[in-house]
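>>> Here is my input; please provide its structure:
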Amino acid sequence: MEMTAPKVGLFDMPEPTTQPSTDLDNERDIALMARIAVGDESAFRDLVERHQHAVVGTIAKMLRDPIEAEDLAQQVFLRIWKHAKRWRPDAKFTTYLFTITRNLVYNESRRRSRRKEVSADERQDEKGYEPAAETRSEPDAEVARAEMHDEIDSVIASLPEAQRTAVVLYSYESLPYEEIAEVLGVSVSSVKSLLFRARSTLRDKLSHLLGY
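The predicted model follows:
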């Protein structure tokens, strides 16, 4: 009989600082997955608590949509719960986790692209007025910093999918080249090439922030 995923408060934990995973971390994940495979809801909650912020953060960086990130993260963990019996520790658990995450993000990106094309066609037939530009006082340092980070996130989100994934997994989740290569299904040299091209784009588009 197919298991129904237990209800879990996925997103009410304080956000930790991301650290590279270790062999001990992977061993713990493997042990939790073995328990989840036999329907252990407590183990599932432990696994979610261990990885929810990394998954939500990755999706949010990829899509620039915190609300959608939480919804997609729920789907990621639901898939892990449903397929736990078939999972085998042939690679690190985080490789499996981020592969599922990548696939769901790619599907959502394509769905949004199709929806955007339809919306653009609809707007051609609409008439209306342009809203007046919003005025505000000079931003203080905190607002300026937030705007800078928002611009950086915007440029990252504009990268091609593979480049964007490589940047987020490498820079924000601290995954090594080898694991990113497994997630993307490419060679290590391809990952290095993706990161090189992404960094070149970031330098070009953010040169005004970097001072050159």
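>>> Does anything pack onto the lowest-mean-pLDDT helix or strand in the chain? Which helices or strands?
Ranked by mean pLDDT, DSSP states H and E, the helix or strand of the chain with the weakest confidence is helix 207-210, at a mean of 72. In terms of contacts (3 or more C-beta pairs under 8 Å, 6 or more residues apart in numbering; DSSP states H and E), helix 207-210 is packed against helix 141-158. To be clear about C-beta, it is placed using only N, CA and C from the backbone, and glycine gets the same treatment.
>>> Summarise which helices and strands the helix it packs on is packed against.
Where contact means 3+ C-beta pairs under 8 Å, 6+ apart, helix 141-158 is packed against helix 41-63, helix 161-167, helix 188-205, helix 207-210.
>>> Those helices: which one's closest to Arg88?
Closest to Arg88 of those, according to C-beta to C-beta: helix 41-63, at 16.2 Å.
>>> could you dump that closest one to PDB, C-alpha only?
Extracted in PDB, the C-alpha atoms of helix 41-63 (Å, rounded to 0.1, in the frame of the first residue of the first chain):
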ATOM      1  CA  GLU A  41       7.500   9.400  10.300                       C
ATOM      2  CA  SER A  42       9.900  10.600  13.000                       C
ATOM      3  CA  ALA A  43      12.800   9.900  10.700                       C
ATOM      4  CA  PHE A  44      11.100  11.800   7.900                       C
ATOM      5  CA  ARG A  45      10.700  14.800  10.100                       C
ATOM      6  CA  ASP A  46      14.300  14.600  11.100                       C
ATOM      7  CA  LEU A  47      15.400  14.500   7.500                       C
ATOM      8  CA  VAL A  48      13.200  17.500   6.600                       C
ATOM      9  CA  GLU A  49      14.600  19.500   9.400                       C
ATOM     10  CA  ARG A  50      18.100  18.700   8.300                       C
ATOM     11  CA  HIS A  51      17.600  19.800   4.700                       C
ATOM     12  CA  GLN A  52      14.600  22.100   4.400                       C
ATOM     13  CA  HIS A  53      16.500  25.400   4.500                       C
ATOM     14  CA  ALA A  54      19.000  24.300   1.900                       C
ATOM     15  CA  VAL A  55      16.200  23.200  -0.400                       C
ATOM     16  CA  VAL A  56      14.000  26.200   0.100                       C
ATOM     17  CA  GLY A  57      17.000  28.500  -0.300                       C
ATOM     18  CA  THR A  58      18.100  26.900  -3.500                       C
ATOM     19  CA  ILE A  59      14.700  27.000  -5.100                       C
ATOM     20  CA  ALA A  60      14.200  30.700  -4.000                       C
ATOM     21  CA  LYS A  61      17.500  31.600  -5.600                       C
ATOM     22  CA  MET A  62      16.600  29.800  -8.800                       C
ATOM     23  CA  LEU A  63      13.100  31.200  -9.100                       C
END
